[in-house]
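**Student:** With the sequence up front, the predicted model follows.
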Amino acid sequence: MAELADDAMVAMTLVPNRQAVVVGHAFGNRVARMMATRHPARIRGVVLLAAGGKVRMEPDIEEALVKSFDLAIAEPQRLAYVAKAFFAPGNDPAVWRDGWFAKVVEAQIEATDKTPVDAW
């Protein structure tokens, strides 16, 4: 998580000697928090959206989340997992059919596994 935060801070080199408000959505909330933890002089505030990770989710939701990223699962079943993990009942998860990148998921899982929650 520290490496991801430091990588994101590279963008701040474009505006030297200024503070920023960082917005973190979903997994990005962890990166935003870590940015503020590691670079407090550069971060004026943090806005968190869909900020999970600090509280353990229900086992069936966690299973759906993990399986929603598994592109080897047949599409109808995977979309059912996507629906359960990310969408309120009655909404169509097909809008998220594409745009999943296995290497990004692997990097997020690795960062999460290697970084204690209290660190970010």
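**Tutor:** That came in fine, so what should we check first?

**Student:** so who does N91 touch?
**Tutor:** The contact partners of N91, taken as Cβ atoms under 8 Å, 6 or more residues apart in numbering, are A83. Placement of C-beta: from N, CA and C, glycine included.

**Student:** check contacts around the closest residue to V22 other than its chain neighbours.
**Tutor:** Leaving aside its sequence neighbours, V22 sits nearest to A32 (Cβ to Cβ, 6 or more residues apart in numbering; 4.4 Å). Applying Cβ under 8 Å, 6+ apart to A32 gives the contacts V22, V23, G24, V46, V47, L48.

**Student:** sec struct for A107, please.
**Tutor:** Following DSSP: H, G, I helix; E, B strand; the rest coil, A107 is assigned to helix.

**Student:** okay, now the nearest residue to H25 once chain neighbours are set aside: neighbour count?
**Tutor:** Of all residues beyond its chain neighbours, the one nearest H25 is L49 (4.4 Å), with distances taken as Cβ to Cβ, 6+ apart. Counted with other Cβ atoms under 10 Å, the neighbours of L49 add up to 11.

**Student:** doesn't V22 make contact with L49?
**Tutor:** No. Assessed by Cβ atoms under 8 Å, L49 is found out of contact with V22, at 11.5 Å.

**Student:** Quick one: the helices in the protein, in order.
**Tutor:** Shown for the chain, the helices assigned by DSSP state H span residues 2-9, 28-38, 59-68, 75-86, 102-114.

**Student:** Give the buried residues for stretch 71-88.
**Tutor:** For stretch 71-88, a neighbour-count test (16 or more other Cβ atoms under 10 Å) marks R78, L79, A80, Y81, V82, A83, K84, A85, F86 as buried.

**Student:** ditto for stretch 101-110
**Tutor:** Across stretch 101-110, burial judged by 16+ other Cβ under 10 Å covers V105, Q108.

**Student:** Thanks a lot, see you next time.
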